[in-house]
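J.: Sequence first, then the predicted structure:
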Amino acid sequence: MADSVGRQLCRARNGLGLSLKDAESITRIRSKNLQAIEDGNYELIPEPVYLRGYVIAYARYLDLEPEPLLEALDRELGTIDEPPRIRPRESLPLRGSHAAPSLKKGIATLMALAVIAALVFGIIRLTAVREPLTPIPPLDESTESVQPTRDATPSASVVATPQTQTITDPQSLVDDFTLRIHVKAESSSWVRVLVDGRVAFEGVLIGGQYREWLVTDSATIRVGRPSAVEITKNGQTVTVPPGMEVPELTLEP
């Protein structure tokens, strides 16, 4: 029987001479969650939606391939099932002795109804009374044509109504900006983002994933692996300050 995901991770960690605290300081995954994964107690993860992300980040930290571990994790969780077998539906043959006469009888009935409907429609059109058209009176040539005169005073319907322009108060404009955090391919990092004083995200992002927020007042960002993360403000790259164990930076409009 193949080892579980937790045993493979635990064996790899022990082989490198690392403790759970060492793994926690780099992956930014709490040691109790790493211990739960190694023991196979997946139900102890506070947010199960992050379980696959934790396994990917932990595996890459231990120089393991994440894909085989994810497949084994799916088997342990029972998310891979055999597709249900679809039983072919048996078709019953038509009995020729009964189907053919019924079909012919139905066609004959439809044709008879169509003929009757056409006759009724023709009779209605022939018997309908049409009202004579009112004759157009002849044009009196002695009547002089009256040329329309233009009134010097424009009518109320012609007077153009000036358009109302809305003037926006510059003080009412808010200098919001868009914050985007993107994790490079084949990498992962723990990220914590506060937007306008509230926690907008905290967890592990794996390669290719990104998050975006609209910031009004300020944003505070903490990352576990700065080299794996790209941060942009309104499309402009933000440089993470070097030399910090857990880099933290604050962005404002």
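T.: Sure, I can see it.
J.: Tell me where the chain has strands.
T.: 177-183, 188-195, 198-206, 210-215, 219-223, 229-233, 236-238, 248-251 (DSSP state E).
J.: quick one, which of those strands is nearest to T27?
T.: strand 188-195 (6.5 Å; CB to CB). Bear in mind the C-beta positions are built from the backbone N, C-alpha and C, glycine included.
J.: Export only the CA atoms of the closest one, formatted as PDB.
T.: Extracted in PDB, the C-alpha atoms of strand 188-195 (Å, rounded to 0.1, in the frame of the first residue of the first chain):
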ATOM      1  CA  SER A 188       4.300  29.900  -4.100                       C
ATOM      2  CA  SER A 189       4.200  32.400  -1.300                       C
ATOM      3  CA  TRP A 190       2.200  33.200   1.800                       C
ATOM      4  CA  VAL A 191       0.400  36.600   1.500                       C
ATOM      5  CA  ARG A 192      -1.500  38.800   3.900                       C
ATOM      6  CA  VAL A 193      -3.300  42.000   2.500                       C
ATOM      7  CA  LEU A 194      -5.100  44.700   4.500                       C
ATOM      8  CA  VAL A 195      -7.300  47.000   2.400                       C
END
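J.: Sort out which residues of it are buried, please.
T.: Neighbour-count burial for strand 188-195 flags S188, S189, W190, V191, R192, V193, L194, V195 (criterion: 16 or more other CB atoms under 10 Å).
J.: so what's the fourth one bridging to?
T.: What that stands for is V191. As for beta bridges, V191 partners with G203, V223 under DSSP bridges.
J.: Also the last one?
T.: As for beta bridges, V195 partners with R198, A219 under DSSP bridges.
J.: ok, it - contacts?
T.: Counting by CB atoms under 8 Å, 6 or more residues apart in numbering, V195 touches L179, W213, V215, A219.
J.: pretty sure F177 contacts G235?
T.: No. F177 is beyond contact range of G235, at 9.8 Å (criterion: CB atoms under 8 Å).
J.: among the strands of the chain, which is nearest R11?
T.: strand 188-195 (20.9 Å).
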